[in-house]
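# Pasting the sequence and the predicted model now:
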Amino acid sequence: MSNISFNKFYRKFNILSLILIVISLVFLIFKGLNYGVDFKGGTLIELRTTDKTNNISLIRDSFNQMNLGDVSVKKFGNETDFIVKFEKQNSNDPEFIKNIQNKLSSSIGDVDFRRVENVGPKVSSELLKSGIIAIRFEWQFSLGAILAIFHDVIITLGIFSIFSLEINLSIVAAVLTIVGYSMNDTVVIFDRVRENLRKYSDIKIFDLTNISINETLSRTIITSVTTLLALFSIYLFGGEILKGFSLAMILGVVFGTYSSIYIANPILVALNVSQRTIVKEEKD
Amino acid sequence: MLYFSKLRIISVIVFTVIFSYFAISNFVKFDDKFFSKNINLGLDLQGGSYLLLEIDNRPVITQKLQAKIIELKRYFKEKQITLKNFSLKGDTISFETTDNEIENVINILNDKESDVNTYYPTYKSHEFDVLEDGNLFSLNYSRYGLVLLKNSSLDQAIEIVRRRVDEVGTNEPNILKRGNDRILVELPGLDDPNRIKSLLGKTANLTFQFISQNNEESFGTEKLSFEDGSRDAIVSKRIILSGDNLVDAKPTMNSQTNETVVSFSLDRVGAKKFGKATSTGVGKQLAIVLDGKIISAPSVREPIIGGSGQISGDFTFQSATDLALLLRSGALPAPLNIIEERTVGPDLGQDSIDAGILSLFIGFLLVILFMIYKYRAFGLIANLALISNLFLLIGILTLFEATLTLPGIAGIILTVGMAVDANVLIFERIKEETKNEKNPIIAFDAGYTKSRTTILDANITTLIAAFILFFMGSGPVKGFSVTLGVGILTTLFSVYFIARLLTSLYVVKNKDKEQLLK
């Protein structure tokens, strides 16, 4: 069994976490998130050109001439694949997409529209609402685990905000899975803390958390490693569509592992949990 | 914890084999019908279109209110009660009555047996809320009246949408109600949704009306423009015949003019009306109006009494086919707006499947190698459990013919990564126990027992997350939550039955060796 003094660094890492959370919140409040068409409404087209010489600016220029509002063009995996997003959406007009395709073909050569998403603003605001309600659901669990989860979710979203990565429906799924994973990790350590509280009445919670972290450490590392192996495999080989999802999950697993050690446990210390706490709990 | 009865061993094996069989049936064709089930691929994997339609009930409500006014007038006239100054402002019908009739009118409108204001005992509510102010009455749809109206118009609309989609002949369309004013249409394999969109975007209200002789707009006439936008015409408001009377419509070639036309036949009532109108109107122009636009306005040369006719216009064969289809399927009760559209081309879907399977394979391989490196023989056991876990998961998804989406594949890969967690927890616990307990059987037993609550706690939290995702999520997120949730259940099974069984066999056989788990 390892014997690392995690508890010596509680304070330092708590300060680091606080700084990260503040930075994330500042970005989330002032810069905000880059919502995809799922939430903002608008049109997304994934296209493949036949002409390899086409570049982003050429495609952007062609779209800009069509009066579609704010247009963003990004490379998507292959040389010839691009994602184009713009504000205007008109899913009622059957000719809308066809016209765009025709105009585009005449300016940059044959294009294949591989994916089209056209979401009205009304639907998107509803999706956002249901997303937030779901996160609120998890609040009933104990304070330590909840703060750890908040820590993970805020920092993950903060990173998405800093790098302007897109938030779509699958990112919401990823965030909720992070909630599950982080909780899972915290529960394993907490279970051990509770067991040790019962076993040793004379050890202070400050040291007891450290013993528990060390006892479960190899499990924590092995599980994080196998989960990360699977996630990196999705990130690298799972195709462009799953990139954002797997990135969010990777960040979530890293911060989830960290927070179950350095957020959840210091909170037990701060709340001065002792043997009495759990004995009382069990009587109830 | 390590003891297994023979019966238990057999049932674990049978269970695993059956589900593995289902899993394999996705890739290998079996003759047996029971086993030849398949996982459905979501639209993002097989390609196709997803349309979310919203019904615009405004016109229906206005129409119903206008009809209500006529009904009220007729009803009270029969009762010899004078009502006057009927008006319709917004969604409110208002009228006045004489002072000595107020009581009477209130009683009629609020009676539970009322003929003009239906009472719904299930909702304890009338169709209309009635307000009276002296001799001035106003009627509004009650909450339930409105809900019932919306539901019935949605049901009608779904029926029409289904007919239209079926007629186009896409394979296995999925048409579902969403809330009380939305319809979800999933069209697997459909690459170009334009035709369906234009078919669903039309209300297809067909009417025949005479074109007015004088060119001034006056009472009882309206100004309508031609479909091609070339000109306008003044048309009599009186509807001679509507699409309701049509029994069939199909595109044909007119042999004389060599034009594509839509020929239609009418039911008995329609044929009679049409015959009567055309015999009095010889020489007049008859406008054929679809959704407020004139398609064409041929002159009536002779009475049409056979109950069939032709609609000409500048049709191509395709547009004539579509018009015939719209007429056959009937008019929508209200216009539909397409508020969301997602289309994935079939080659992108295939690319996604390929990438998903590749990443599953690589992730799986990495996890397996890592476990063998870390735990040797027990790593192998954990891996066997992992493999059967994967088979079980895919097998269950197949058995229930669940829909697999791209995020669903991600859910499977994530399950692979997280599934070893339970075995890791157990193995680590056993290692701890081995320090104080020399007898490996007792140590292993204690390891399993003591880690059980933790494993249950940990998995239940993830299961809760999966549940929440399932109930809040739509489409792709739902697919992810299903695989994640089922994955947890199969993980627990594979850990507590398969891995434990193998562990116990291994430990009993090697109980005299030193330090089984290092």
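Happy to help now that I have it. Numbering: from 1, shown residues only, chains lettered A, B, ... in the order given.
# can stretch B:339-358 be found next to chain A?
Yes - using Cβ under 8 Å from any Cβ of the partner chain, stretch B:339-358 reaches chain A at B:339-345, B:347-348, B:351-352, B:355-356, B:358. Using the backbone N, CA and C atoms, a C-beta is placed for each residue, glycine as well.
# Please list only the buried members of the residues you listed.
B:339-345, B:348, B:351-352, B:355-356, B:358 (16 or more other Cβ atoms under 10 Å in any protein chain shown).
# Secondary structure and pLDDT added to the residues of stretch B:339-358 next to chain A, as a markdown table?
What follows is those, written out as a markdown table (DSSP: H, G, I helix; E, B strand; the rest coil; pLDDT from 0 to 100):
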| residue | secondary structure | pLDDT |
| --- | --- | --- |
| B:I339 | strand | 84 |
| B:E340 | strand | 83 |
| B:E341 | strand | 85 |
| B:R342 | strand | 84 |
| B:T343 | strand | 86 |
| B:V344 | strand | 86 |
| B:G345 | coil | 84 |
| B:D347 | helix | 82 |
| B:L348 | helix | 84 |
| B:D351 | helix | 86 |
| B:S352 | helix | 85 |
| B:A355 | helix | 88 |
| B:G356 | helix | 87 |
| B:L358 | helix | 91 |
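# Out of those, which comes closest to B:I24?
In terms of Cβ to Cβ, no member of the residues of stretch B:339-358 next to chain A lies closer to B:I24 than B:G356, at 18.3 Å.
# Grab the nearest non-local neighbour of the closest one.
Excluding its sequence neighbours, the residue lying closest to B:G356 (Cβ to Cβ, 6 or more residues apart in numbering or on different chains) is B:I409, at 3.8 Å.
# Isn't the one you found up against B:L360?
Yes - B:I409 is in contact with B:L360 according to Cβ atoms under 8 Å; the separation is 6.6 Å.
# Comparing those two, which residue is more hemmed in?
B:I409 (27 against 21; other Cβ atoms under 10 Å in any protein chain shown).
# ok, then the element right after the lowest-mean-pLDDT helix or strand in chain A?
Lowest on mean pLDDT, DSSP states H and E among the helices and strands of chain A sits helix A:121-136, with a mean of 48. Sequence-wise, the next helix or strand downstream of helix A:121-136 (DSSP states H and E) is helix A:143-162.
# in that next one, what counts as buried?
Neighbour-count burial for helix A:143-162 [16+ other Cβ under 10 Å]: A:144-161.
# Identify all contacting residues around that helix.
A:17, A:20-21, A:23-25, A:27-28, A:31-34, A:135, A:138-139, A:165, A:167, A:171, A:175, A:178-179, A:182-183, A:186-187, A:190, A:248, A:251-252, A:255-256, A:259-260, A:263-265, A:267-268, A:271 (Cβ atoms under 8 Å, 6 or more residues apart in numbering or on different chains).
# okay, that helix in CSV with CA atoms only?
Taking Å, rounded to 0.1, in the frame of the first residue of the first chain, the C-alpha atoms of helix A:143-162 are listed here in CSV:
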residue,chain,number,x,y,z
LEU,A,143,-22.2,18.1,0.6
GLY,A,144,-18.7,16.8,-0.1
ALA,A,145,-19.7,14.8,-3.1
ILE,A,146,-21.8,17.6,-4.4
LEU,A,147,-19.1,20.2,-4.1
ALA,A,148,-16.7,17.8,-5.8
ILE,A,149,-19.1,17.4,-8.7
PHE,A,150,-19.6,21.2,-9.0
HIS,A,151,-15.9,21.6,-9.0
ASP,A,152,-15.6,19.1,-11.9
VAL,A,153,-18.5,20.4,-13.9
ILE,A,154,-17.5,24.1,-13.5
ILE,A,155,-13.9,23.6,-14.5
THR,A,156,-14.8,21.3,-17.4
LEU,A,157,-17.3,23.9,-18.7
GLY,A,158,-14.7,26.6,-18.0
ILE,A,159,-12.2,24.9,-20.3
PHE,A,160,-14.9,24.7,-22.9
SER,A,161,-15.5,28.4,-22.5
ILE,A,162,-11.8,29.4,-22.6
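# For that helix, give the mean pLDDT please.
For helix A:143-162, mean pLDDT rounds to 87.
# mind putting the residues of stretch B:339-358 next to chain A in CSV, distance to B:L176 included?
CSV is the format used below for these (distance: Cβ to Cβ, whole Å):
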residue, distance to B:L176
B:I339, 15
B:E340, 14
B:E341, 16
B:R342, 15
B:T343, 18
B:V344, 19
B:G345, 23
B:D347, 27
B:L348, 24
B:D351, 28
B:S352, 24
B:A355, 29
B:G356, 26
B:L358, 33
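# the domain parsing of the chain - what is it?
Picking chain A for this. A:6-36+A:124-283, A:42-119 (automatic domain parsing).
# not what I meant, chain B
If you go by automatic domain parsing, chain B breaks into B:6-47+B:346-509, B:48-189, B:206-341.
# Just name the most buried of the ones you listed.
Mean neighbour count (mean count of other Cβ atoms under 10 Å in any protein chain shown) peaks for domain B:6-47+B:346-509 among those, with a mean of 20.
# quick one, helices of the stretch 151-284 of chain A?
Counting by DSSP state H, counting those that start in this stretch, residue ranges of the helices within the stretch 151-284 of chain A are A:169-199, A:205-237, A:243-262, A:264-270, A:275-283.
# Okay, and the residue nearest to B:G356 sits in which element?
Secondary structure (DSSP H and E) places B:I409 in helix B:406-436.
# what angle do the helix or strand just after that helix and helix A:205-237 make?
Using DSSP H and E, the next helix or strand after helix B:406-436 towards the C-terminus is helix B:440-472. Orientation check (axes from the mean of the first three to the mean of the last three Cα atoms, to 10 degrees): helix B:440-472 against helix A:205-237 gives 60 degrees.
# Is helix B:440-472 positioned near chain A?
Yes - Helix B:440-472 lies within reach of chain A by Cβ under 8 Å from any Cβ, at B:453-454, B:457-459, B:461-462, B:464-466, B:468-469, B:472.
# Which strands or helices does that helix pack on?
On a contact count with 3 or more Cβ pairs under 8 Å, 6 or more residues apart in numbering or on different chains; DSSP states H and E, helix B:440-472 meets helix A:121-136, helix A:169-199, helix B:406-436, helix B:475-493, helix B:500-509.
# The same query, at a cut-off of 10 Å, please.
Judged by 3 or more Cβ pairs under 10 Å, 6 or more residues apart in numbering or on different chains; DSSP states H and E, helix B:440-472 is in contact with helix A:121-136, helix A:169-199, helix A:205-237, helix B:406-436, helix B:475-493, helix B:500-509.
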